[in-house]
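Visitor: quick one: sequence and predicted model below, then my questions.
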Amino acid sequence: MSPRWDAVFLDRDGTVNVGAPPGEYVVHPESVVLLPGVAAAIARLNRAGSDVIVVTNQRAVALGLLTLDGLDAVNRRLADLLADGGARLDGIYACPHDEGGCACRKPGDGLLRRAFEEHPALRPSRCAIVGDSPRDTAAGTALGLMRVRLSARAVTDPHADVTVADLPAAVDWLLTVARPAGIPR
Ligand SMILES: [Mg+2]
Ligand SMILES: [Zn+2]
């Protein structure tokens, strides 16, 4: 039986790990701290047969605060911490560019398009994107992904299909309530 969601795309900072304060960036592996319950939530998606792929804006590279090797080290630390919690990532796509210079920085959908090119079995209409910024939900609009906004308080996000508090709640909603378009209940 095919999974309910071919893939669930996750923002990184503020969604999987604790985000840096405004104007700062997560540039050291030792600064990676998982948010509560995320490893168990991602493990649930793993068990449900959905790919879990991170799509992250990393403008710190363009700003000279982080090298691409440094970014890899941060991402490896994230994957290691998740693995310690029994969770697996199937891919990480990062935009290293500054604002306005590319098609991949969210709310652009270039990272998603690259993932779909490299994983041709994934059907966009059977995928979801989860993130704590309106850029994350907007990135999923053109391709027709289910869009889940994370926020501790009520927000108005015209690109969100639903708003929930955190990633565990998003996974719960995706696996028990939401259905991809065209899939009968
Ligand atoms: Mg974020
Ligand atoms: Zn980019």
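Guide: Great, that's in hand. Numbering: from 1, shown residues only. Ligands and ions are numbered 1, 2, ... in the order given.
Visitor: give me the contact list for the longest helix seen in the chain.
Guide: Taking DSSP state H as the assignment, the helix of the chain that covers the most residues is helix 68-84. Contact partners of helix 68-84, identified using C-beta atoms under 8 Å, 6 or more residues apart in numbering, comprise 12, 16-17, 26-32, 34, 38-39, 42, 54, 58, 60-61, 66, 88-89, 92, 94, 96. C-beta here means a position set from N, CA and C on the backbone, and glycine is covered the same way.
Visitor: which ones among the residues you listed come in contact with ligand 1?
Guide: Here nothing survives when the contacts of helix 68-84 are matched to ligand 1 using C-beta under 5 Å from the ion.
Visitor: dump the C-alpha coordinates for the longest helix of the chain into CSV.
Guide: These are the backbone C-alpha positions of helix 68-84, laid out as CSV (Å, rounded to 0.1, in the frame of the first residue of the first chain):
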residue,chain,number,x,y,z
LEU,A,68,29.3,25.2,2.6
ASP,A,69,31.4,22.7,4.6
GLY,A,70,30.2,24.3,7.8
LEU,A,71,26.6,24.0,6.6
ASP,A,72,27.2,20.3,5.9
ALA,A,73,28.6,19.9,9.4
VAL,A,74,25.5,21.5,11.0
ASN,A,75,23.2,19.3,8.9
ARG,A,76,25.2,16.2,9.8
ARG,A,77,24.8,17.1,13.5
LEU,A,78,21.1,17.5,13.0
ALA,A,79,20.8,14.1,11.3
ASP,A,80,22.9,12.5,14.0
LEU,A,81,20.7,13.9,16.8
LEU,A,82,17.6,12.7,14.9
ALA,A,83,19.2,9.3,14.4
ASP,A,84,19.8,9.1,18.2
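Visitor: helices and strands around the helix or strand that comes right after it, which ones?
Guide: Once helix 68-84 ends, the next helix or strand along the chain (criterion: DSSP states H and E) is strand 91-95. Using 3 or more C-beta pairs under 8 Å, 6 or more residues apart in numbering; DSSP states H and E, the elements in contact with strand 91-95 are strand 51-57, helix 68-84, helix 110-118.
Visitor: quick revisit: show me what counts as buried in the longest helix of the chain.
Guide: Counting neighbours by 16 or more other C-beta atoms under 10 Å, one finds that the buried residues in helix 68-84 are 70-71, 73-75, 77-79, 81-82.
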